[in-house]
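Enquirer: sequence and predicted model, in that order:
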Amino acid sequence: MGMNIIALLLYLLFAPFVGGLLAGADRIVTARMQGRVGPPILQPFYDVLKLYQKEQITVNKVQDFYVFCFLLFVIITGGFFFAGGDLLLAIFVLTLASAFLIVAGYCAGSPYAEIGAERELLQVMSYEPMVLMTAVGFYMFTGSFRVEEIIQTQTMPFVYLIGVFIGFTGILTIKFRKSPFDLSMSHHAHQELVQGLQTEFSGKTLAMVEIAHWYENVFLLGLVFLFFVNGTAWSVVLGVAVALLTYFIEVFIDNNYARMKWEVTLKVGWFTAITVGFVNLLVLNFM
Amino acid sequence: MSTLLFLIFFPLLIALLLLLIKRDLFRDIVVIGGAVVIAAASLLLGAMYFYVGGEVFAAQETQVGSLMMAIEIALAVVIVFLSVKHKKYPPAIFALIQTPLFVWFEITHGHHIKVVSNLYIDRLSLIMVLIIGIVGSLICVYSLGYMKDFRQHHEGEKDRRPWFFFLMFLFLSAMFGLVVSNNLVWMYFFWEITTLCSFFLIGFTKTKEAVNNSFRALTMNLLGGIGFVLAILVLGIYYDTLELSTVLMYGQMGYSVVVPAALLVFAGITKAAQMPFSSWLLGAMVAPTPTSALLHSSTMVKAGVFLIIKLSPVLGWNGAGIMAMMVGGVTFLMASFAAISQSNAKRVLAYSTVANLGLIIACAGIGTNETVWAAIMLVIFHAITKSLLFLCVGTAEHSLDSRDIEDMDGLFSKMPRLALFMMVGISGMFLAPLGMLVSKWAAMTAFVDSGNIPLVVIICFGSAATAFYWTKWLGKMAAIMAKAKNLEAHVHQSEWFTFYCLVYMVIMMCLLFPAVSTYAVVPYLETVFSSVEALALSSSNLQIMSGMVALIILLPVLFFNKRHFRKKKIVSMYLSGVNTGDSTKFYGSMGNEVELSLRNWYVESIFGEARMTLIGNILSILTIVSVLGIMAGGVL
């Protein structure tokens, strides 16, 4: 119990730093791949601090409420995860958070934000089955949905959940909103929807979205990490290494692909779930 | 037992009374009075039996059987007459098959079979009684206001509201009878009455479409009725019993009751509008909205799932159970997909009902204590939430003159209270930490535990699709529109009353569901299953969910204080710099002003209704035909 609370506190305090640093590293790597020097690694933090100093303007008075709920429930998602709680619960709360973000996009009533919100919704639908099946995979392998019990396992879950792992990392590109699946919003300046879902967010509201993404990314990488723990110190190192590697592969993919159509997003998400995910679960069931 | 009989006969009395009343004022008084008494009597019955757990009643009345048979024959004559009159022959044929078959059986066999107890009450039927008594009565109260508007929209026609309210209360009476009948012959009697009531309610407006759809509903439900009669025949002739409790006891003692169970499951599938019979429920949308609310939430379709849940201890890995799992699973998935492509609010709700019933039936089909827990919880939450949603759509329809989701754009600005209630309802259908999601979560865990991986995958995909169609509706309503006019002034008081009650119930159920589980559902499961050692969801998870519900209720209260409204400057949205001033218009390419309008996404090319229904129907028909075919082969 004590350990859980410490892990929870560490997460609450340091996840934004880790997430922000990863975002900074992402920008440097991206810049180098494009032959630029890129910003300092702390740039995402400077951006967010600056957003907090902007004049408070908004298109309506409920939008920031939805965004605040998005941030809050993203934090709670990771909270359940890092405190050793129920994995499926964490995933459901993340869906709740996404719903708040999407409604925040819709409520602006603006064409760019609304189309962005619709696309974000499609992205959720594309990755949701595989994310749920990932949790089911862990449950079938360890007999528990609780993270604190999953990490007690003696065998590395990766060994038995290799299909699920491939599927999960496959949909991570959609989840991270990276190209070729950055339909709803993008950090790159090449999109037709202005800032998509985020178009009407500004100042503190936009800063909250950024911070939420940092927390969310740490949670997602935590899920990658979970595939590799088996109680030994080496597995922790391996887990962290694979999580970081996954992140940088996503950055790499981001910079090497043009955006694809939404149909491709849906098909990729569902096809991975119905093939590697489903087959892996079937095999587990018969073992 | 007197309370039980009161619940069956009192609504019947009110129904007959309403048939005679022509004045609005008297009708208001009788309906409200009747609804209050029915709800109170249901609560009283709950108070009497929830703790005790239940009771069986002999109710040995030799006359009842003959009376029921006489009514059955009269109903068959009515069906045949109406079918011939409208030149719709299939219902007539089905009625001419089942009623003589039934009468023949009653005279030759049924009379000699001793029935120990005709009526019973247990915690499952109590839950149903409460749903029917409270949600059903509220819908009747709501109808008062709705039907006044309906009357204004249909001026010049004959005022047929007495007939409408007669049917509504008759429906309640039949449903009460259905959920407390242990004698299957009695249950069949009430079953047929609900079929007839829904037939008349669907055809209420007498338009061509309404008449066609009402006959479709009648045909499909009578087909299910044939299944029911065959089940009674098989039970009477081969098992020498007509009692539901005995069927369940035989099953648990190890005798195979799979053939009658499969026939009853088939009857349940038709009633619960599973594929390939889903079209009758979608067609039922032509009826006045309270009818839809009643059919979808507390009566008709719930009769079907009630019967299957009741049978769940004898289902599982046998023909009957597999039929329920397959048909339920396929329907859940395909109906969830089809809902994506719909822009008519009532059709979205209808597909969502079909999908949820599919999930309930799949849960009941697996028949472990975990899945049945989820099934009962789904029934409870679905009843309350879906009635709220239907009634909200009904009111929105009368205010906006449209039931299209596209026309609900910015409803939050036009009808803030109504939109808020709808948002509560919609969130309740699919979001954590609210009831439906918790039940789905339990179902998913239970599916894994039972080793049914295809169903696990189905629920993963189905949930994703469900989130898609609800969220886009939610977003559409949440849009804030500049210069919106408030349209809420015309909404009747009786409608608000119903909304407040239902919203309150939704919230309370979400907050209190650990208690509902502990005091109502688990005790029922303990009497039915030999052991209830592990539930799918631990009580700590349930409490976390309750805590989150409280948090979500508190958040807006904490957030929207005076300071919040003062501190921010409102600006117009980004329209590529061609705004005309406010956010409703922009300058087009020729310099003219263009009204801004946004449309939602229906993904027709992938989730088209026709395609989804076709796939679902084929898979379901294959399942039903092969299961029943194999059984017929075994019997013959």
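Expert: Okay, I see it.
Enquirer: the stretch 401-550 of chain B: helices as residue ranges?
Expert: B:411-414, B:416-430, B:435-449, B:453-478, B:493-516, B:522-528, B:539-559 (DSSP state H, counting those that start in this stretch).
Enquirer: do the same with the stretch 1-150 of chain A
Expert: Applying DSSP H, counting those that start in this stretch to the stretch 1-150 of chain A gives helices spanning A:2-33, A:43-53, A:63-82, A:87-107, A:111-142, A:147-150.
Enquirer: Throw those helices into CSV and include mean neighbour count, distance to residue B:174 and mean pLDDT, thanks.
Expert: C-beta here means a position set from N, CA and C on the backbone, and glycine is covered the same way. CSV is the format used below for these (neighbours: other Cβ atoms under 10 Å in any protein chain shown; distance: least, Cβ to Cβ, whole Å; pLDDT from 0 to 100):
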stretch, mean neighbour count, distance to residue B:174, mean pLDDT
helix A:2-33, 16, 54, 93
helix A:43-53, 15, 62, 94
helix A:63-82, 23, 44, 94
helix A:87-107, 26, 38, 93
helix A:111-142, 26, 40, 93
helix A:147-150, 19, 49, 91
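Enquirer: need these in JSON lines (columns: distance to chain B).
Expert: JSON lines is the format used below for the helices of the stretch 1-150 of chain A (distance: least, Cβ to the nearest Cβ, whole Å):
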{"stretch": "helix A:2-33", "distance to chain B": "13"}
{"stretch": "helix A:43-53", "distance to chain B": "14"}
{"stretch": "helix A:63-82", "distance to chain B": "5"}
{"stretch": "helix A:87-107", "distance to chain B": "3"}
{"stretch": "helix A:111-142", "distance to chain B": "4"}
{"stretch": "helix A:147-150", "distance to chain B": "12"}
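Enquirer: returning to that earlier point: with respect to residue B:574, which of the helices of the stretch 401-550 of chain B lies nearest?
Expert: Set against residue B:574 and scored by Cβ to Cβ, those come closest in helix B:453-478, at 18.0 Å.
Enquirer: so for that closest one, mean pLDDT?
Expert: What helix B:453-478 shows for mean pLDDT is 93.
Enquirer: ok, stretch A:155-162 next?
Expert: Mean predicted confidence for stretch A:155-162 is 91.
Enquirer: that older thread, so which of the helices of the stretch 401-550 of chain B gets nearest chain A?
Expert: helix B:453-478 (3.0 Å; Cβ to the nearest Cβ).
Enquirer: can you tell me what sits against stretch B:156-167?
Expert: Applying Cβ atoms under 8 Å, 6 or more residues apart in numbering or on different chains, the set of residues contacting stretch B:156-167 from outside is B:15-16, B:18-22, B:27, B:31, B:140, B:143, B:147, B:151, B:197, B:200-201, B:204, B:288.
Enquirer: is stretch B:356-373 in proximity to chain A?
Expert: No - Stretch B:356-373 does not reach chain A (Cβ under 8 Å from any Cβ of the partner chain); its nearest approach is 13.4 Å.
Enquirer: what's the offset of that stretch from the middle of its chain?
Expert: Relative to the centre of its chain, stretch B:356-373 is centred 15 Å away, using Cα atoms, centre = their mean, to the nearest Å.
Enquirer: now the strands for the stretch 1-150 of chain B?
Expert: Assigned by DSSP state E, counting those that start in this stretch, the strands in the stretch 1-150 of chain B fall at B:54-57, B:119-122.
Enquirer: okay, these in a markdown table with mean pLDDT next?
Expert: Listed next are those as a markdown table, based on pLDDT from 0 to 100:
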| stretch | mean pLDDT |
| --- | --- |
| strand B:54-57 | 82 |
| strand B:119-122 | 90 |
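Enquirer: coming back round to it: buried ones among the contacts of stretch B:156-167?
Expert: Burial by neighbour count, 16 or more other Cβ atoms under 10 Å in any protein chain shown: within the contacts of stretch B:156-167 this picks out B:15, B:18, B:21, B:27, B:31, B:140, B:143, B:147, B:197, B:200-201, B:204, B:288.
Enquirer: how about the residues of the stretch 101-250 of chain A by chain B?
Expert: Within the stretch 101-250 of chain A, the positions lying close to chain B (Cβ under 8 Å from any Cβ) are A:102-103, A:105-114, A:117-118, A:121-122, A:124-126, A:128-129, A:132-133, A:136, A:139-140, A:145, A:194, A:199-200.
Enquirer: wait, residue A:78 touches residue A:90, no?
Expert: Yes - between residue A:78 and residue A:90 there is a contact at 7.5 Å, judged by Cβ atoms under 8 Å.
Enquirer: count of neighbours near residue B:67?
Expert: Applying other Cβ atoms under 10 Å in any protein chain shown, we find 12 residues neighbouring residue B:67.
Enquirer: what's the answer for the one 3 residues further on, then?
Expert: The local packing of residue B:70 (other Cβ under 10 Å) involves 10 other residues.
Enquirer: can you pull the pLDDT of it?
Expert: Predicted confidence (pLDDT) for residue B:70: 89.
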